[in-house]
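J.: Show me the folded form of this:
(chains A, B, C, D and E, ligands or ions: 4)
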Amino acid sequence: MAPPDLNGNEPRVVLSARGLRRDFAGFVAVRNVDLDVRHGNIHALIGPNGAGKTTVFNLLTKFLAPTNGRIELLGHDITRTSPAKVARMGLVRSFQISAIFPHLSVLDNVRVALQRPGGLAVQFWRSLAALDRLTPRAVELLRSVGLDDARNRLAGDLSYGRKRVLEIATTLALDPKVLLLDEPMAGMGHEDVGTVSDLIRSVAKDRAVLMVEHNLTVVADLCDWITVMQRGEVLAAGDYATVSRDERVKVAYMGTADD
Amino acid sequence: MTSASPLLAVRGLNAWYGESHALHGVDLEVFRGETVTLLGRNGVGKTTTLRAIIGLIRKRTGQVVFDGKDLMRLPLHRTAHQGIGFVPEERGIFATLTVDENLILPPVVAEGGMSVDEIFDLFPNLKERRNSPGTRLSGGEQQMLAIARMLRTGVKMLLLDEPTEGLAPVIVQRIGELLATLKKRGMTILLVEQNFRFASRVADRFYLMEHGKVVAGFPTGELADRMTLLHEVLGV
Amino acid sequence: MAELTLRETPARTSARLEWTLVGLGILALLVAPFLVYPIFLMKMLCFALFACAFNLLLGYTGLLSFGHATFFGGAAYFTAHAIKVWGWPPEAGILLGMAGAALLGLVMGFFAIRRQGIYFAMITLALSQMFFFFCVQAPFTEGEDGIQGVPRGILLGFLDLNVSMNMYYFVLAVFLIGVFAIWRIVNSPFGMILRSIRENENRAISLGYSVANYKLGAFVMSATLAGLAGALKAIVFQFATLTDVTWQMSGEVILMTLLGGIGTMVGPIIGASLVVGLENTLATSGFPVTIATGLIFMVCVLIFRRGIVGELYARLLKPAKD
Amino acid sequence: AEISDGKVKIGILNDQSGVYADFGGKWSVEAAKMAVEDFGGKVQGAPIEVISADHQNKADIASNIARQWYDTEQVDAIMELTTSSVALAVQGISKEKKKIDIVTGAATTDLTGKQCSPYGFHWAYDTHSQAVGTGGSLVQQGGDSWFFVTVDYAFGYSLKDQTTKFVEGHGGKVLGEVRYPLGSTDYSSFLLQAQSSGAKVIGLANAGLDTSNSIKQAAEFGIVQGGQRLAALLFTLAEVHGLGLQAAQGVVLTEGFYWDRDDKSREFAQRFFKRTNRMPNMIQAATYSAVTQYLKAIDKAGTDETEAVAKQLHSMPVNDVFTANGKVQSDGNMVHDMYLYQVKSPAESTKEWDYYKYLATIPGNEAFLSEKESGCPTAVQ
Amino acid sequence: MTMIFGIPVQALLGQLLVGLINGSFYAMLSLGLAVIFGLLRVINFAHGAQYMLGAFVGYLLLTHLGIGYWPALILSPLIVGVFGIVVERLALSRLYDLDPLYGLLFTFGLALVLEGVFRYYYGVSGNPYTVPPLLSGGTNLGFMFLPNYRGWVVVASLIVCFGTWALIEKTRLGSYLRAATENPRLVQAFGVNVPLLLTLTYGLGSALAGLAGILAAPIYQVSPLMGSDLIIVVFAVVVVGGMGSILGAIVTGYMLGLAEGLTKVFYPEASNLVVFVIMAIVLLVRPAGLFGRDA
Ligand SMILES: Nc1ncnc2c1ncn2[C@@H]1O[C@H](COP(=O)(O)OP(=O)(O)OP(=O)(O)O)[C@@H](O)[C@H]1O
Ligand SMILES: Nc1ncnc2c1ncn2[C@@H]1O[C@H](COP(=O)(O)OP(=O)(O)OP(=O)(O)O)[C@@H](O)[C@H]1O
Ligand SMILES: [Mg+2]
Ligand SMILES: [Mg+2]
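T.: Numbering: from 1, shown residues only, chains lettered A, B, ... in the order given. Ligands and ions are numbered 1, 2, ... in the order given. Below is the predicted model of the structure:
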C-alpha cells in the first residue's frame, strides 16, 4: 500500500521495506509489510497493542532478523547488516523503555554518542581530555533540548521525561538520516509532551522520522503520514484525516471515544 | 457507597530508597467500593506510595491499616492474603511462564474472583496467545494480563499503577469499562494515573501529590473548581 | 532494585585520594627491598599486576572471567621456554609471553563474549580448564616438573638480572608501566565506550558501537597485561609450572581483587599483597590455606563487598558527599 | 664449635594440605622430629631444630620459603620436598645457595640426573626404582604380558617407558596401552580395554587418587577375580589404607620400606604409631632416615659447613631403620634395596595395618640408575 | 564379529553403557545445578563439595554409627539438604538482591572451606565404601560384565532426574519457583512465601548433589577431592544444555556421558576435552545452549 502521490515531486524515500515478515515459533508477528519513510517527513506507525509495531522497529534496525522481505536504507540493501553497522549508516532508534547510561553524567551521555562520529572511539592510549573537543557540540545539543542546566548530573537522576529528552539528544548527536522513535511520549507528563513534540518537529526538518505513538493528539498534530497496523499487517495508510475517517481503523484502534 | 471506616487508611507514610527519602508523610484514605485516583507529576512518589503500602519497599515508617489490620507488621507475602492486589507499573509479567501460567500464578486469597473463562471473555487477545511465554506479548497485551491475573484472586482492593500507559485508545476504553464493572461488583480501587481524562471518568475522588506528600484531596464533583490548581501542579 | 556493587562505577571524587595513595605507594615500593625480602616483594608485584589486569576486565567492563590463569600461566610458559630453550634475552621472552597471552585472549574471548554475566564466567572457566589440560600434556611444559632453571639473563644487553636489586627494580618498573597502562585504558575514550556498554548494551549498539568488538578488545588487553605479569613471574622465580594455569589460580586472582576492592585502581594491589602475604604466613602456621582462603571469600562477599580500598573510600568520601 | 649460628636447623618443606598431603605431610615432620630426638637433640654440642612449611604444591611458594629459610632464618638443609616441580625448584635454589637438600617425596629421576646438584640428595625412591621393581620382578613371577593404563603426561610416560624396558628386558611382552587424561574419575572404560587385551598384568602408570580409583573400579568389574593382576607403579601404604583391603587385594607394588618388614622397622613403626596414630610409609621413614644421616654427617665432619657435610653424606653408608645397605652415589642418589609386595586379601590380614605380603627383593644396584647412566653432569663417570 | 572402525560392536556397546553410567552422574549433578541456577540465579560452585559431602556423610554414617547404604541413601541427601538450607538461610539469602556473581563467589569460598576441612581431617587418599551386598556382583550381558551396582545407578538417576523435572515443570509449585526467579518480590507481593520457597529449592539442589555423592561412594574413592574437578565438567554440561533449563541439563548430561564414553574408545587422550570441545561448538552455533530459552 504505497502512499499516493501528493503533488508529483515527493521527497525521496530514505528507508523502505518490502514484504517484511517475521515469525516467532509459528506465530506470525509481522506479515507482508511494505513501508516507505521519506526525507523530511514525520511518519507515524500506530495500531492496537500487539499489532507488531515494535517488531517492525526491531526488524528495521536489525535487532531482529526478518524471516522474509527486504529492507533498504538510503538505497543500500541492509537486510543482512548488523545493527551497529545500520546505526553507523544513519538509522538510529530509541527504545520503548528509555535507554540512557544512568551512571554517566548527562554531558557524557551525549559525548559517548559523539565519540564515534568524532573519531574518538577506539583510542585506548589517549587521555579522557581528548574528549573535551566534543564538549562544545554536546553542550549545543543539550541546549537545543533544554538540558544544558543538568549537564553535570548523573543521567539516572533525571526525571522520566527528561531522560527521554536526553535520549533524543544523544540520538541527534549521531546526526542520523532516519530517526526511529518508539513511543517517545509514553509515561511522560503533560508538561513534557509539548517540549518533546516541538523537539521532534524541529529535528525532522532535515531528516526522516518514524515513530510509534499512542497519543493520538500528538500524532494528529505532528505527523505527515500514518501507517496503521493490525495483527501484523498494514491496515491503512495516509494522512491523519484520511486514516481517522477509516471505519476499520476506528474499530480496530481508535475506538468510538474521542480520546 | 462509602461506609464509616475506611478500608485502607494510610497515615504519615515515609519511605526511602537507600538513602534517598522518597515519601514524606503520605496521608490518604480509601473507603469500601470507592475508586480513588492519585495524581501528580512524574517522580512525585505515586508509584512509591503504592509500593510502600503493599510492603515492596523495605524501608518505610508510618501507618498502613487495611480492613482493620496493620500492614506494616506483616511480612510481604501475608499482605496479599488480607485481600489487596497490586498491578505494578512495569507490569511484572514473567518471561518463563506462559500466559496461562502467569494468569493463575497469584494464589486465590478469597472467594468471589473471576474464573479464567470469564477473564478470557474480557480479553480475547490473551486467550489467543495463552500458551506463549508471558513477555512475548506486546506491551499492551502484557498490561491486560497484569490486570487480568489479579481479577482471579478475589481481592477486595486493587492498587493499579498507570494501567493505561502505552495502551491503544480502544483498549483504554475497554479498561475504563472494566473498572466500571469492577466497581459495580464492589471492588475498591486505588489508581495512579497520568491520563487525566481517563482518570476523571472513572474516579470518585482524587488525591494530588507533590514532593512525596498528598497536597490536596477532593471528590470528582469539585473537579471543575480545582482546575486552576491542577493546571498549576500538573500542567493539564 | 538490585544493588550492583560489583559493577558499580568507581566514585569520581576518589581520584585525588587515589593519587595521594599512589604517590605514597611508589615511594614505599622504592625503599621496600631494603626492609622486606625482595623475592617476596617481586612475587607480590607480579600478582598485583595480574590482579590489576584482571580488574580491568571485571571492574571496568563488568565481565567476570574465571579463566585468567590461562593468560598468566600461559605467558609464564611461553617466556620460560623462549628464554631457556631458545636462549632469547629476557625482554624478548616477555614480549613473546605477552603476545601468546594476547592470542589466547583472542581465542577465549571469541567464544566467551557471546554471553554475559555468569555464563561468561562459566565459559571462561571451562575454556581455561581446556588450556590446563593442554599444558599438562604438551611436551614443552615438561608436565608436572615444569620448566625449571630458567636463566634470568641480561636485560637489553647490559642489566644483569641475576643481581637481586636489578631484578627488583626492573620488576617494579614493569609493574608501574603496566598499572599506568591499565589506568590509561580505563580513562581513555575507549574506556568511556566500555563504561557505556556496561551501563546499557543495547543503547550502545544503537549508537553504532560494535559492542562485541569492544568487549573483545578489553578482554585481549586484560589478557595481555595478565600475560605480562605471568612472564615477569617466570623470570623472577626462574621457572614456570602447572600451578599458574589451574582454575584455582583464576579463583585466587578474583579473591585478590574482591578483597582489595573491585573497580578501584589501588584495591587489587592491596588485595594481591594480602593474599600473597597470607599464603606465605599460613605456609608455616599449620593452618590449611584453602580453608583460610575460602573463609575470606565468604566474609568478603557477605559483609565486605566493597573490599578494603572500596570501604576506605566509602568512609573517607562520605563526609565529602554530604 | 664449627656449627654456624650455634645451631643446626632443618626445614621440612612439603605438601601438608593438598593432593599429596598423605604422602608425607605433617607425618614427615613428625618423623623428622623423632629422628632429632633419637639423635639426642644435639649435634656437636649445638641444638637441633626442625621447622616446617606447607608449600601447597606451588613451586613459587616453596621457592619463596626456601630462599627465606636460607637467607634469613639460617636453615642449613631442606628435606622432603613432595612433588617434582617443587623438588626441582628448591634443589636449584639450594645448589645456587650451596645448601643441602634431601628429597624423599618426589619421584623424578632428573633430581639425580640432568638437574642434579653436588649438595642435593635423593632418598626413598624414583620412577626408575618403581619401574624395575614392579616391571622386572613381576615378569620373573610369571606376569609376562602387560597392558598399561597410563596417565597422559610426562610422569605417566616415564613410568610406563621405564617399566616397559624391564618387562621386555626380562622377556615379557607389552600388548598395548591406553592413555587417559589426568583427573579422570571413571576408569571402567580403560579397564575394559585392558581386560579385553587378555594381558596377564595391567600396569597402572599413574599415582594418587587416580590409582586408587582404578583399583577400586577394577575390583568392581571383577578384573582380579578374572585372573589378571594389577600392578600399581606408584602406590604407598597410606593409599592402600585409604582404599581398604577389599578393593586393593591382589595389587602388586614396589616400596622401599614396609613397617612390618623386620624387628627394627616394627619397633620404629610402633613408636611412630604412638605419636601419629598411623603406620609410617616409605616417605616418612625415608625422611627419618635422611635427617638421621644428615646429623651423623655433621657429627662426623665436625661442622655443618655444606661442602664438608656433603662429602660425608656421599661417603657414609646408610644403615638405619629405613635400609641396611644404603650407599650414596656421586649423583646424590641413595641406592638401596627395594621390595615387591602384594596386597593381602582381607582374610589374610591378621591385624591392623597388616597389608602386605612380601614377594621379592630388588637389589639396590638394579633398582636405581648408576652414576654413569644417570646423566648427572657433576657425577663421577 | 561385526566391527565399527576396528572396534567390535559388542565392545562398543559395553563402552556406551559405561558412558551412560557416567552420564547419569553428569545428569544428576547438572540437574541440581540447573535447579539452583534456574530458580535462584546462583551458580552453585559448592555443588562439587556438596557431592563430596554426600559421599562422606555416607561413609561417616557407616563407620561411626554403623548405618548402611540403604538408610544412607535417604539420610545422606537429607543431611546435605539441611546443610544447604542452613547455608541459604544464613548467607545466600542475603545475596539475592545483588549481582548473581556474588552468589558464585560465595559458593566458591564455601567449596574451598568444605574441601579444606575434609582434607584436613580425612586426608586425601580417600576412604573405602563398599557396594551394598544386595547389589554386589555383576550380570553378564553377553557383550559385557555389568556390575549390578552400576545398573542400579542408571536406574536411580533416571528416576531422580525425571521426578525432579516433573516436579518443577509440571506443577504449580514449579511455576511459583520460576516466577520467583524473575521477580521474587513481586511474587511475594502476590502472597507466595518466596523466601521459604527459595530456601527449600537450595535445599533440594544440595540434596540432589548429596544423593549423587552417596550413589558415587561405592564406585569412586570417598575423597575430599572427588568433587572439585568434576564440577567444572558439570558446568560445561550445564552450559551446553542451556543454563536454567532443567530438561536441557538432564538430556545433555546423558548425551555428553555417551560422547565421552565413545571418545574413551577412539581417542582416550581427549576424553576430558570432548565435553569442552562440544561446549565451544555449541556456543558458536547456539549461544544459548541446546535447550536454552534466552537467545
Ligand atoms: N528504585 C529506586 N531507587 C531510587 N530512587 C527511586 C527508585 N524508584 C523511584 N525513585 C525515586 O523516587 C521518587 C518517586 O518515584 P515514583 O516512581 O514513586 O514516582 P511516580 O510519581 O510514580 O512517577 P511516574 O509518574 O514517573 O511513574 C523519584 O524521584 C524517583 O526518582
Ligand atoms: N520475541 C518474540 N517472541 C514471540 N512473540 C513475540 C516476540 N516479540 C513480539 N511478539 C509478539 O508479536 C506481536 C507484536 O508485538 P509488538 O511488540 O511488535 O507489538 P506492538 O505493536 O509494539 O504493541 P504495543 O503497542 O503493545 O507495544 C505480539 O503479539 C507479541 O506477543
Ligand atoms: Mg511496542
Ligand atoms: Mg510511577
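J.: and residue 87, what is it in contact with?
T.: Unless you meant another one, I'm taking chain A. With contact taken as CB atoms under 8 Å, 6 or more residues apart in numbering or on different chains, A:Ala87 is in contact with A:61, A:93, A:174, C:205-208. Every residue, glycine included, has its C-beta placed from N, CA and C.
J.: Chain E is the one I meant
T.: For E:Val87, the contact set (CB under 8 Å, 6+ apart) comprises E:46, E:110, E:202, E:206.
J.: at 10 Å instead, please
T.: E:Val87 sits next to C:298, E:44, E:46, E:50, E:93, E:106-107, E:110, E:199, E:202-203, E:206 when contact means CB atoms under 10 Å, 6 or more residues apart in numbering or on different chains.
J.: want to throw these into JSON lines with neighbour count, distance to chain B and secondary structure?
T.: Below are the contacts of E:Val87 laid out as JSON lines (neighbours: other CB atoms under 10 Å in any protein chain shown; distance: CB to the nearest CB, whole Å; DSSP: H, G, I helix; E, B strand; the rest coil):
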{"residue": "C:Met298", "neighbour count": "21", "distance to chain B": "24", "secondary structure": "helix"}
{"residue": "E:Asn44", "neighbour count": "30", "distance to chain B": "19", "secondary structure": "coil"}
{"residue": "E:Ala46", "neighbour count": "31", "distance to chain B": "25", "secondary structure": "coil"}
{"residue": "E:Gln50", "neighbour count": "31", "distance to chain B": "25", "secondary structure": "helix"}
{"residue": "E:Ser93", "neighbour count": "15", "distance to chain B": "14", "secondary structure": "helix"}
{"residue": "E:Phe106", "neighbour count": "27", "distance to chain B": "21", "secondary structure": "helix"}
{"residue": "E:Thr107", "neighbour count": "28", "distance to chain B": "23", "secondary structure": "helix"}
{"residue": "E:Leu110", "neighbour count": "23", "distance to chain B": "26", "secondary structure": "helix"}
{"residue": "E:Thr199", "neighbour count": "20", "distance to chain B": "13", "secondary structure": "helix"}
{"residue": "E:Tyr202", "neighbour count": "26", "distance to chain B": "18", "secondary structure": "helix"}
{"residue": "E:Gly203", "neighbour count": "23", "distance to chain B": "19", "secondary structure": "helix"}
{"residue": "E:Ser206", "neighbour count": "32", "distance to chain B": "22", "secondary structure": "helix"}
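J.: now, among the residues you listed, which is nearest to chain D?
T.: Chain D has its nearest neighbour among those in E:Gln50, at 16.3 Å by CB to the nearest CB.
J.: backbone phi and psi for C:Val85, please?
T.: phi -90, psi -40 (degrees, to the nearest 10).
J.: Touching, it and C:Ile147? I think so.
T.: Yes. Between C:Val85 and C:Ile147 there is a contact under CB atoms under 10 Å: 8.1 Å.
J.: of the two, who's got more company?
T.: C:Ile147 (24 against 11; other CB atoms under 10 Å in any protein chain shown).
J.: mind listing what the more buried one touches?
T.: C:76-81, C:83-85, C:140-141, C:234, C:238-241, D:85, D:88.
J.: And B:Thr181, by the same measure?
T.: Applying CB under 10 Å, 6+ apart, the residues contacting B:Thr181 are B:122, B:151, B:187.
J.: Buried among the residues you listed? Need that as a selection in PyMOL.
T.: Buried subset of those, written as a PyMOL selection, criterion 16 or more other CB atoms under 10 Å in any protein chain shown:
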select buried, chain B and resi 122+151+187
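J.: Looking at the contacts of B:Thr181, spot the one nearest D:Gly222.
T.: Ranked by distance to D:Gly222 (CB to CB), the contacts of B:Thr181 are led by B:Leu151 at 66.4 Å.
J.: coming back round to it: and the contacts of B:Thr181, which of them are in strands?
T.: Assignment to strands by DSSP state E places none of those there.
J.: can you list the contacts of B:Thr181 in a markdown table and add distance to chain A and pLDDT?
T.: Listed next are those as a markdown table, based on distance: CB to the nearest CB, whole Å; pLDDT from 0 to 100:
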| residue | distance to chain A | pLDDT |
| --- | --- | --- |
| B:Leu122 | 15 | 80 |
| B:Leu151 | 18 | 88 |
| B:Met187 | 22 | 89 |
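J.: In helices, which of the contacts of B:Thr181 appear?
T.: B:122, B:151 (DSSP state H).
J.: quick revisit: of the contacts of A:Ala87 - the most surrounded one?
T.: C:Leu207 (30 neighbours).
J.: contacting residues around the residue nearest to it when sequence neighbours are not counted?
T.: Once flanking residues are discounted, C:Leu207 sits nearest to A:Ala113: 5.1 Å by CB to CB, 6 or more residues apart in numbering or on different chains. By CB under 10 Å, 6+ apart, the contact set of A:Ala113 is A:92, A:101, A:134, A:138, A:141, A:167, A:169-175, C:196, C:203-204, C:206-209.
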